[in-house]
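Colleague: all I have is the shape, not the residue letters:
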Ligand SMILES: [Zn+2]
């Protein structure tokens, strides 16, 4: 049995050790919710639960601290449950088994839940310490951050009253996060006419794979190849040389990943077969040249198959290829305030054919500036409307635009410098955080996000660096000591 008792700070690790024993996968938070409510009762603190299951525990201001601004400390109570193949761990009953290796706490073959168990533990350590002198603390624990941010989406603006929010869900000690991207999906439905393939056609299946893919937020700026774009370019190129008829074209998989693979089934005139081989090979060389070392494993393969019976009507096919060619993909704009931050991007995520000619294309847009997100979605929509497609955009979730003159940022940077005698970094991320939703509901709110160092979150290798937890805790206390009066 591993003992976390000796670790510093004792209060945080004590609660971390309790929380890791409580099953709490996203959308199954009953047990952790009960634990939090019991904790509040034991510590004689007021607790509130909203319709969605978010919990708020209030610690009143210490005597003499009544004029200090209220601070919302926020974490999410759910975790991602991943385990190594063959691991018998049962997520609805078993405690997460841990080990301490080389200064890190990690789980044995499962996710650890330091994301965001360490945030919860820090909140509980603050709430339960009667000697800590602070203004009023509102400790907010949201549900279901990991599979849809349902808790943050449904939180009512009047559930919270503080004007400063510290989000405890970041994974790099020493980096203060002050912004995130909002996101939305633009979904395209095309009804294409299917017709008989021309007499004397040969059938081919073409596959693209081996691309890096990557996360459509964190990795969109890396310039990885988009399999749907590349396949479209190939099909357009051979269409200009011969009568190519598309039977199917599928690519990509999930909305927040850059597509890594694509497949097409086509019919071409039998006599073009030899040329096709040459065209595809030349094209593959061009693409390898274009991406170089970025995409070392890129591959196009093709094989002859029985000619398909039905193919797209030539006009519909032409319009589809043109629309995908025009559709933007990748970084649209960089932040003017923050170096190396992608402000706006769009991902052409997937295309799926069904036998009757219905085509569904999924694209996702992100931006820390809400109007820019809608503007790029509108451009995507325009490309596809020419095909007669029906295009809808989801409401999505809002971004949090960095504010370099934020008061809580200033307090945190000074606190960091004072304790560690070095400067913290300031960053924003091009992906979603719950903060975007809090910002939307309460545009006046002043927010920051920081945490200890966690690596491999959402994977069985997830681990947390012990020394960074002490630094995270010391910083949090110093920030709370420096919150000004109202
Ligand atoms: Zn998290």
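Modeller: Structure received. Remember, it's a predicted structure, so these values are computed and weren't measured experimentally. Numbering: from 1, shown residues only.
Colleague: what residues of the strand ranked longest in the chain count as buried?
Modeller: Longest strand in the chain, counting residues (DSSP state E): strand 342-353. In terms of neighbour count (16 or more other Cβ atoms under 10 Å), strand 342-353 has its buried residues at 342, 343, 344, 345, 346, 347, 348, 349, 350, 351, 353. Backbone N, C-alpha and C define where each C-beta goes, glycine included.
Colleague: so what's the third one up against?
Modeller: Right, residue 344. Residues counted as contacts of residue 344 (Cβ atoms under 8 Å, 6 or more residues apart in numbering) are 331, 332, 333, 365, 366, 367, 368, 369, 372, 373, 376.
Colleague: of those residues, grab the buried ones for PyMOL.
Modeller: In PyMOL syntax, the buried subset of the contacts of residue 344 is picked out as below (16+ other Cβ under 10 Å):
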select buried, resi 331+332+365+366+367+368+369+372+373+376
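Colleague: near the ion, which residues of the chain? Just list them.
Modeller: Applying Cβ under 5 Å from the ion, one finds that the chain approaches the ion through 115, 116, 169.
Colleague: residues in contact with the first one?
Modeller: To tie it back to what came earlier, the one meant is residue 115. By Cβ under 8 Å, 6+ apart, the neighbours of residue 115 are 79, 80, 169, 171, 454, 457, 458, 462.
Colleague: now swap in residue 277 and tell me
Modeller: residue 302.
Colleague: let the chain start at 27 from now.
Modeller: Right, with 27 as the first residue, what we last looked at is residue 303.
Colleague: pull out the buried residues from the helix or strand hosting it.
Modeller: Residue 303 is part of helix 299-317 when elements are defined by DSSP states H and E. Of all the residues in helix 299-317, those buried under the rule 16+ other Cβ under 10 Å are 302, 305, 306, 309, 310, 313, 317.
Colleague: how far away is the fourth one from residue 302?
Modeller: Taking Cβ to Cβ, to the nearest Å as the measure, residue 309 falls 10 Å from residue 302.
Colleague: can you list the strands that the helix or strand containing residue 232 pairs with?
Modeller: Secondary structure assignment for residue 232, by DSSP H and E: strand 227-235. Paired strands of strand 227-235, with direction, are strand 288-295 (antiparallel), strand 325-331 (antiparallel) (DSSP bridges).
Colleague: tell me which of those sits most buried.
Modeller: Highest mean neighbour count among the strands paired with strand 227-235 (mean count of other Cβ atoms under 10 Å): strand 288-295, with a mean of 22.
Colleague: any idea of the mean pLDDT for it?
Modeller: The average pLDDT within strand 288-295 is 97.
Colleague: which pLDDT value belongs to the residue in the stretch 377-512 of the chain that the ion sits nearest to?
Modeller: Ranked by Cβ to the ion, the top residue of the stretch 377-512 of the chain for proximity to the ion is residue 483, at 6.9 Å. You'll see residue 483 listed with a pLDDT of 88.
Colleague: so for residue 211, which of the strands paired with strand 227-235 sits nearest?
Modeller: strand 288-295 (19.6 Å; Cβ to Cβ).
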